[in-house]
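Peer 1: could you look at this predicted model? Sequence included:
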Amino acid sequence: MKKILLTASLLGFTACETVYQKLENASFRVSNEQGGGTAFFVNDSRGQVRLITAAHVCKAFGNSLVDLNIKGTKFKTLIMGISQKADLCELAVPPLVYSRFKALDLAFMDASTHDVIYVGGYPGDLNLTINSGIYSGTFEALLKDESVGTVQECLKKRGGRIYFDIFSGPFCVVSVPLRSSTVRVFPGHSGSPAVNENGKVIGVFVVTSPPSYNGMYVSLAELKEFLNEGF
């Protein structure tokens, strides 16, 4: 029994070390005065390098430039596009950073129940932090959709409903399919890649749920669809 436990422990450490090395060269902090999150480089199905984070991270910047902190060097870049379906955003890749990173690859398939998954991001003022957990199923999250212009457009969306705020007026809430996990995710992890034990991307973490802080992420299928939109 001791030998089996030791072997499992060593395998877990090796997987975590592999994930750390890959994410260290592919992910970094994005920030402004209001806060920030994490972004990462990923190869799409055509072999092009794309720069991805969460849509709510991009929206915090408004129309301003986004600040990137890549291995201690600061760059500014533009928002290329925001998904109208999932909480995803693409940033322009600054031309001077190609030699500073190694993009992650997409996984062949998403996680199955009880698979180990990892998140690598920059919560708070911390450096790259790796947390692991178990994939636990699908989840329908209700999120405010600021892209909707009319009541009719809202009601046509998945689970679209109109709510009213006494200060700001009516707003649209839609149902977004997410994948749930036991991975602990904190403010600053938004936009972090969800990866498997081989360090391949299976989604993007966008939501956490206090007090457990279990993270929920956009699925691999949704991410691939977003990348194929070709902003």
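Peer 2: Looks like it arrived, so ask away.

Peer 1: wasn't Cys58 part of a strand?
Peer 2: No - read with DSSP: H, G, I helix; E, B strand; the rest coil, Cys58 is helix and lies in no strand.

Peer 1: can you tell me the closest non-neighbouring residue to it?
Peer 2: In this structure, Cys58 finds its nearest non-sequential neighbour in Cys89, 3.7 Å apart by C-beta to C-beta, 6 or more residues apart in numbering. The C-beta positions use only the backbone N, C-alpha and C, and glycine is treated the same way.

Peer 1: now that neighbour: how far from Asn131?
Peer 2: In this view, Cys89 and Asn131 are 22 Å apart by C-beta to C-beta, to the nearest Å.

Peer 1: who's more crowded, the two?
Peer 2: Neighbour count, other C-beta atoms under 10 Å: between Cys89 and Asn131, Cys89 has more, with 28 against 22.

Peer 1: give me every residue that touches the residue nearest to Cys58.
Peer 2: 52-55, 57-59, 79, 81-83, 191 (C-beta atoms under 8 Å, 6 or more residues apart in numbering).

Peer 1: buried ones among those residues?
Peer 2: Burial by neighbour count, judged by 16 or more other C-beta atoms under 10 Å, picks out 52-55, 57-58, 79, 81-83, 191 from the contacts of Cys89.

Peer 1: circling back to that earlier point, bridge partners for the residue nearest to Cys58, pull those for me.
Peer 2: Counting by DSSP bridges, Cys89 is bridged to Thr53, Ile82.

Peer 1: where along this structure do the helices fall?
Peer 2: 2-24, 55-59, 151-156, 220-228 (DSSP state H).

Peer 1: hey, least reliable of the ones you listed by pLDDT?
Peer 2: Note on those: helix 2-24 shows the lowest mean pLDDT, a mean of 60.

Peer 1: next, count neighbours for Tyr163.
Peer 2: Neighbour tally, Tyr163, other C-beta under 10 Å: 11.

Peer 1: oops, could you answer that again for Thr182 instead?
Peer 2: 16.

Peer 1: now it: closest residue in space that isn't a chain neighbour?
Peer 2: Gly133 (3.7 Å).

Peer 1: what sits against that neighbour?
Peer 2: Counting by C-beta under 8 Å, 6+ apart, Gly133 has contacts 116-117, 181-184, 214-215.

Peer 1: related to what we said a few turns ago, can you redo the contacts of Cys89 as JSON lines with distance to Ile166?
Peer 2: JSON lines is the format used below for these (distance: C-beta to C-beta, whole Å):
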{"residue": "Ile52", "distance to Ile166": "36"}
{"residue": "Thr53", "distance to Ile166": "32"}
{"residue": "Ala54", "distance to Ile166": "28"}
{"residue": "Ala55", "distance to Ile166": "26"}
{"residue": "Val57", "distance to Ile166": "28"}
{"residue": "Cys58", "distance to Ile166": "28"}
{"residue": "Lys59", "distance to Ile166": "23"}
{"residue": "Ile79", "distance to Ile166": "31"}
{"residue": "Gly81", "distance to Ile166": "33"}
{"residue": "Ile82", "distance to Ile166": "28"}
{"residue": "Ser83", "distance to Ile166": "30"}
{"residue": "Gly191", "distance to Ile166": "32"}
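
Peer 1: pick the one among these closest to Ser209.
Peer 2: Ala54 (15.4 Å; C-beta to C-beta).

Peer 1: need the contact list for that closest one.
Peer 2: Residues counted as contacts of Ala54 (C-beta under 8 Å, 6+ apart) are 37, 87-89, 190-191, 204-206.
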